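A.B. asks: sequence unknown, structure follows:
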């Protein structure tokens with residue numbers, strides 16, 4: 001993996017200046033969950049044209065009314081596109097929308113770029129990059145960090161890896177969805193290693209805050225006072241402010257990502273650690289907490305809700 005570099009944001013964000021720097025593109029977008037629809041909305045605000053596909057059409061209706069074109073399959077969404085974004089739930093879903101009978105590879109033009117924003121295995125990313133190479137199209141891994149409201153504000157942190165020329169070609173599109181884009185080299189799997197590592201760090205922060213706040217509560221110190229102190233002093237960062245608020249209040253709404261989805265990510269992380277012979281005991285703790293949360297049927301809460309396991313184990317859960 002090469003040295004990490006950060007592309008500095010260009011001094012323009014409006015579409016009138018965009019014309020001066022890049023051609024108007026035709027974009028495909030596949031996968032309209034909370035994150036996908038927010039990202040697609042920001043792409044649609046530009047002067048690029050947008051074709052969209054989702055398994056269920058109802059989620060696409062607001063985008064269609066705003067000017068997007070509905071595609072009946074991933075292949076149709078990719079037809080004549082300069083670039084196609086995918087934001088789907090897991091490796092199997094991504095493989096299906098890419099290489100399935102009606103997958104995007106069957107519609108993607110030679111030289112077009114597939115931007116994969118999903119959290120997947122690094123090996124799956126490498127496999128897909130090879131498939132694209134065989135079809136004379138290009139693959140860029142670009143997983144993102146940020147909750148749906150961050151995506152709506154076009155303030156995502158974007159990690160990219162893959163062919164340099166392809167990354168350069170799609171950079172103007174990434175500027176429309178993110179506040180910072182970080183390049184992790186040409187290995188297509190590298191950006192996904194970063195994404196899995198980042199989710200692991202978030203999980204550890206959630207577990208640590210849950211344990212600290214619970215210890216305080218059992219010593220008659222309010223969770224809120226601990227949160228306010230630590231999030232404005234030693235740990236004054238977005239992670240501790242945002243997730244810390246959920247953990248202090250023990251109200252895990254709105255749902256950014258459900259526990260089952262991030263449990264999948266932790267499983268991918270542990271698989272990668274096993275292959276690389278990296279002991280990750282903290283990752284096992286986070287994985288087991290998420291497993292318990294999912295086993296109890298707690299699906300309609302943010303994944304930070306696994307912090308509730310700490311309160312339960314301490315005898316505090318109502």
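C.D. replies: Done, it's in. Source: prediction; values computed, not measured. Numbers count the residues shown, from 1 in each chain.
A.B. asks: pretty sure residue 70 is touching residue 58, no?
C.D. replies: No. In terms of Cβ atoms under 8 Å, residue 70 does not count as a neighbour of residue 58; the distance is 11.3 Å. C-betas here are computed from N, CA, C, even on glycine.
A.B. asks: Can you pick out the residue with more neighbours from the two?
C.D. replies: residue 70 (15 against 8; other Cβ atoms under 10 Å).
A.B. asks: contacting residues for that one?
C.D. replies: 51, 52, 53, 57, 60, 64 (Cβ atoms under 8 Å, 6 or more residues apart in numbering).
A.B. asks: Return the member of the residues you listed nearest to residue 284.
C.D. replies: Nearest to residue 284 among the contacts of residue 70, counting by Cβ to Cβ, is residue 53 at 37.1 Å.
A.B. asks: Can you list the residue ranges for helices in the stretch 151-300 of the chain?
C.D. replies: Along the stretch 151-300 of the chain, counting by DSSP state H, counting those that start in this stretch, helices occupy 164-175, 190-218, 223-232, 238-249, 259-276, 281-295.
A.B. asks: between those, which one is nearest to residue 98?
C.D. replies: helix 190-218 (14.6 Å).
A.B. asks: per-residue confidence at residue 19?
C.D. replies: Residue 19 carries a pLDDT score of 37 in this model.
A.B. asks: Thought residue 310 was touching residue 218, still the case?
C.D. replies: No. The criterion here is Cβ under 8 Å, and residue 218 misses it with residue 310 at 10.9 Å.
A.B. asks: Who has more neighbours out of the two?
C.D. replies: Ranked by neighbour count (other Cβ under 10 Å), residue 218 and residue 310 place residue 310 first, with 22 against 12.
A.B. asks: Look up which helix or strand the more buried one falls in, please.
C.D. replies: helix 308-313 (DSSP states H and E).
A.B. asks: mind listing what residue 109 touches?
C.D. replies: Contacts of residue 109 (Cβ under 8 Å, 6+ apart): 78, 79, 80, 81, 137.
A.B. asks: got the phi/psi numbers for the second one?
C.D. replies: In terms of degrees, to the nearest 10, the main-chain angles of residue 79 are phi -60, psi 120.
A.B. asks: isn't it right next to residue 104, touching?
C.D. replies: No. Contact criterion Cβ under 8 Å: residue 79 and residue 104 do not qualify, at 9.1 Å.
A.B. asks: Which residues are in contact with each of those two?
C.D. replies: In contact with both residue 79 and residue 104: residue 28, using Cβ under 8 Å, 6+ apart.
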